[in-house]
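# fold the following, please.
(one chain, ligands or ions: 1)
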Amino acid sequence: MTTAQEQTTDQLDAQSNAQLPQLHEPRNPGMPLDLDWVARVQANTSAIERRCASLPGRRSVKKDYQAAWLLKAITCIDLTTLSGDDTVGRVARLCAKAKTPVRADILDELGVEGITTGAVCVYHDMIESAVAALKGTGIPVAAVSTGFPAGLSPFHLRVEEIRESVKAGAKEIDIVISRRHVLSQNWQALYDEMVAFREACGEAHVKAILATGELGSLRNVARASLICMMAGADFIKTSTGKESVNATLPVSLVMIRAIRDYYDRTGYRVGYKPAGGISKAKDAITYLALIKEELGDRWLQPDLFRFGASSLLGDIERQLEHHVTGAYSASNRHAMA
Ligand SMILES: O=C[C@H](O)COP(=O)(O)O
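Alright, predicted model coming up:
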């Protein structure tokens, strides 16, 4: 017998089928900096933590519905390699995985074809290799930029880095904000920086990485989210993956509620990307459930939701194999790069 919660999940699963065509939103043009709105923003930490603590236990997605959710998660992955020892060969293998994220026999059993990850995410020097490897697939290359991960290189070089990455073929640019502007409450400086980054991106979409683990409080996370959206961010993203604390559910709740408030006020949908440390299939489902409950099904498409993850896909593939065969294989059978 299914519980009421499971029934609700099942119905919604059917609507958020992994193979729905990608939708495309009008880009968020941004708006003038509204400091009164920023000042009014609050974050009730204990209420946020209570809401998040209840989420993983309350959600139970089983069998075919679980497989559907996991396929959906794959389409939303920015498959990432951001290592100092990245090579052209590793990026080529990553791109091959982005094109064929799950073994053909598993997909056959599930009756699914043509599934890919949402994007491949690399450092600047790897963009051209990734673009070449993904040619003809429609899978975009995202590049981390602006002195990632610390964002402390000279400002003009950070802006120039964006331009170079767009020229090299990146369709998405993941910038890092200056955490010091948040910590010193210099909202004007944060807004101006983000406006300049967005402008340098041109047609490429810009994801603003807040590095939430370094912002000091959930209220600061909420305020930084709002300012980046006011300055024209297409996505807001939690983390670089290099901070000591990366994506968490409380931070996600704060950021997606800021996205909801911004949509209510402006009519523009901004995307959300949790990143860093998300490596388990069950955690991916929890994130998707949170998005569904707080923002609705429209945000469960890859143009509005991404996981920034280097190892999540391997666990999802293992879970799908278990779903199809009833057995787990060793994780090294699902090698990434
Ligand atoms: O933006 C993506 C993150 O750097 C990936 O982090 P991860 O390696 O912990 O999955």
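# so what's the closest residue to the ligand within the stretch 151-300 of the chain up against?
Nearest residue of the stretch 151-300 of the chain to the ligand, counting by C-beta to the nearest ligand atom: residue 241, 2.4 Å away. In this view, the C-beta of every residue, glycine as well, is placed from N, C-alpha and C. Contact analysis of residue 241 by C-beta atoms under 8 Å, 6 or more residues apart in numbering lists 80, 82, 149, 275, 276, 277, 308, 310.
# most neighbours among those, which one?
The most crowded member of the contacts of residue 241, judged by other C-beta atoms under 10 Å, is residue 308 (31 neighbours).
# looks like that one contacts residue 120 (just checking).
No. Using C-beta atoms under 8 Å, residue 308 is not in contact with residue 120, being 11.4 Å away.
# need the residues touching each of those two.
Common neighbours of residue 308 and residue 120 (C-beta under 8 Å, 6+ apart) are 78, 80.
# my guess is residue 263 meets residue 257, correct?
No. Using C-beta under 8 Å, residue 263 and residue 257 do not qualify as a contacting pair, with a distance of 10.6 Å.
# ranges for the helices of the stretch 151-300 of the chain?
155-167, 179-183, 187-201, 218-230, 249-266, 281-295 (DSSP state H, counting those that start in this stretch).
# could you identify which of those is most buried?
Mean neighbour count, computed with mean count of other C-beta atoms under 10 Å, is highest for helix 218-230 among the helices of the stretch 151-300 of the chain, reaching a mean of 25.
# what packs against that one?
Applying 3 or more C-beta pairs under 8 Å, 6 or more residues apart in numbering; DSSP states H and E, we find helix 218-230 packed against helix 35-40, helix 179-183, helix 187-201, strand 235-237, helix 249-266.
# against which helices or strands is the fourth one packed?
So the one you mean is strand 235-237. Using 3+ C-beta pairs under 8 Å, 6+ apart, strand 235-237 sits against strand 205-209, helix 218-230, helix 249-266, strand 271-273.
# and the first one with helix 187-201, angle?
Following axes from the mean of the first three to the mean of the last three C-alpha atoms, to 10 degrees, one obtains 150 degrees for the angle between strand 205-209 and helix 187-201.
# give me the contacts around strand 205-209.
Identification of contacts with strand 205-209 by C-beta under 8 Å, 6+ apart yields 27, 142, 144, 148, 171-177, 194, 197-198, 228, 232-240, 271, 273, 275, 306.
# now, of those, which are buried?
142, 144, 148, 171-177, 194, 197-198, 228, 232-240, 271, 273, 275, 306 (16 or more other C-beta atoms under 10 Å).
# picking that back up, a markdown table please, covering the helices and strands packed on helix 218-230 and showing distance to residue 100.
Below are those laid out as a markdown table (distance: least, C-beta to C-beta, whole Å):
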| stretch | distance to residue 100 |
| --- | --- |
| helix 35-40 | 45 |
| helix 179-183 | 38 |
| helix 187-201 | 29 |
| strand 235-237 | 25 |
| helix 249-266 | 29 |
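# can you list these in TSV and add distance to the ligand?
Below are the helices and strands packed on helix 218-230 laid out as TSV (distance: least, C-beta to the nearest ligand atom, whole Å):
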stretch	distance to the ligand
helix 35-40	26
helix 179-183	16
helix 187-201	17
strand 235-237	7
helix 249-266	14
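# got JSON lines for these, with mean pLDDT too?
Listed next are those as JSON lines, based on pLDDT from 0 to 100:
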{"stretch": "helix 35-40", "mean pLDDT": "98"}
{"stretch": "helix 179-183", "mean pLDDT": "98"}
{"stretch": "helix 187-201", "mean pLDDT": "98"}
{"stretch": "strand 235-237", "mean pLDDT": "98"}
{"stretch": "helix 249-266", "mean pLDDT": "98"}
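# can you check which of those gets nearest to residue 65?
Set against residue 65 and scored by C-beta to C-beta, the helices and strands packed on helix 218-230 come closest in helix 249-266, at 21.0 Å.
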